[in-house]
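Colleague: okay, sequence plus prediction incoming.
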Protein chains: 2
Amino acid sequence: MTEDASPPPLDPAQLGAYFALIEVSSLLRHTVEQQLRDAGDLSYVQFQLLARLGDTADGSQRMTELADGVVYSRSGLTYQVGLLEKAGLIARGPSAEDDRGVTVTITEAGRDVLASVFPGHIDVLRQLFLEPLAREDIDSLARVLTVVRDHMRSIPPRSAKPRRKSAARQSPAGDGT
Amino acid sequence: MTEDASPPPLDPAQLGAYFALIEVSSLLRHTVEQQLRDAGDLSYVQFQLLARLGDTADGSQRMTELADGVVYSRSGLTYQVGLLEKAGLIARGPSAEDDRGVTVTITEAGRDVLASVFPGHIDVLRQLFLEPLAREDIDSLARVLTVVRDHMRSIPPRSAKPRRKSAARQSPAGDGT
DNA sequence: TCAGCATGCTTCGAATTCGAAGCACTTCGA
DNA sequence: TCGAAGTGCTTCGAATTCGAAGCATGCTGA
């Protein structure tokens, strides 16, 4: 509270872009989630993880890379990786350079599941997402969203979360109104 | 298995649009979530709910409308509305036309919280999302995403989920009917 | 060299989330 | 008019999710 004066509000196009973005991604995700669920018994995160691994040359990646890639908490990733490992879709191994690290690798079974789920996934994308768009719309969307993505990725999480021991949340400079 | 032949894969622009969309919305959501958390102790859904209510003429809406609006499960909404009610930010009331219905209304306190959180919310949007985009990019984004949104909203959830009893009638093929 | 902090991952506990089932009321059809 | 089916919301149980704390290993500076 007691921030500076109210900032200039957003104009209709800016708000429209924001709301539509959130709404579209929510709806898309929701539908895709169902498809993945009954096509291969995968959650969306699990699918994303497999897809990422499948896209790398050697089919493996570090835990942290994966977590950052799919925007997921570390602990959440540990949990999901545990499930995928139990299902035999990936394998955990030690990391070459760093003894603390864990390397996750997609298995053949994992690739199979991925392959069996992909067609349906693409169908959903086409029907729900791509269908009403013209070629140029898609190009434009890809271009603009990529710019935003790169921008977001380049911005360090405000306050590079030092692992603080305990309290001391005190905002600096107090609230000198 | 034994599906039909693999469908034509997506081209780079289509994939790019899709991946960037998911990534951007995830990152944005993640950051916004933090901002809302320490600015007003709201989760993203709670913020969305308050925002929606605040946008209607009389500040109220039905449970189902809200759930559909923010793409959330009914039970989840009941839970969140419970929290918001307990916090005094909204009020539950009977629905005028339908005795089964519940009407949710934002309170003054709710509007206050919304107002206190909004500036920071907008700041985040600007810095993270709008900053790298030109006016025309934003217009284009808004236009295209709105088209997609409308398209998605117009498509009925494939198979209008009938509420199946517990293994009752329903017998589709199989036992002698 | 080594103490001390940083980093990578997991464990833990608490909160959220969802679908299925349940309850109350409404609507439809005989 | 009455009963069955449909709708709106809540309850319930199970699964997921996250941050904080813990552990083990890497790194840096005196």
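Modeller: Good, I have the coordinates.

Colleague: in space, what's closest to the residue nearest the centre of chain A - neighbours in sequence excluded?
Modeller: Chain A has A:Val70 as the residue nearest its centroid, 2.9 Å off, counting by C-alpha atoms, centre = their mean. Nearest non-adjacent residue to A:Val70, counting by C-beta to C-beta, 6 or more residues apart in numbering or on different chains: A:Gln48, 4.7 Å away. Quick note: C-beta positions are derived from backbone N, CA and C, even for glycine.

Colleague: name the helices or strands packed onto the strand or helix carrying the one you found?
Modeller: Per DSSP states H and E, A:Gln48 falls inside helix A:44-55. Contacts defined by 3 or more C-beta pairs under 8 Å, 6 or more residues apart in numbering or on different chains; DSSP states H and E place helix A:44-55 against helix A:12-40, strand A:60-62, helix A:63-70, helix A:74-86, strand A:90-94, strand A:102-106, helix A:108-124.

Colleague: if we go to 7 Å?
Modeller: Packed against helix A:44-55 by the contact rule (3 or more C-beta pairs under 7 Å, 6 or more residues apart in numbering or on different chains; DSSP states H and E) you find helix A:12-40, strand A:60-62, helix A:63-70, helix A:74-86, strand A:102-106, helix A:108-124.

Colleague: the shortest one and DNA strand D in contact?
Modeller: No: interface with DNA strand D: strand A:60-62 contributes nothing (C-beta under 7 Å from any atom of the strand), its closest point being 13.1 Å away.

Colleague: just the last one next, same as before
Modeller: No: taking C-beta under 7 Å from any atom of the strand as the criterion, helix A:108-124 and DNA strand D are apart, separated by no less than 15.0 Å.

Colleague: that helix: what's the following helix or strand?
Modeller: Of the helices and strands lying after helix A:108-124 in sequence (DSSP H and E), the nearest is helix A:135-154.

Colleague: so for that following helix, mean pLDDT?
Modeller: Averaging the model's pLDDT scores along helix A:135-154 yields 96.

Colleague: burial of A:Phe9, as a residue count?
Modeller: Slight slip there: residue A:9 is Pro, not Phe. 10 (other C-beta atoms under 10 Å in any protein chain shown).

Colleague: please disregard the earlier target; I meant A:Ala39.
Modeller: Count around A:Ala39 with other C-beta under 10 Å applied: 19.

Colleague: look up how far chain B lies from it.
Modeller: A:Ala39 sits 10 Å away from chain B, taking C-beta to the nearest C-beta, to the nearest Å as the criterion.

Colleague: list the residues that contact that residue.
Modeller: Going by C-beta atoms under 7 Å, 6 or more residues apart in numbering or on different chains, A:Ala39 touches A:117, A:120.
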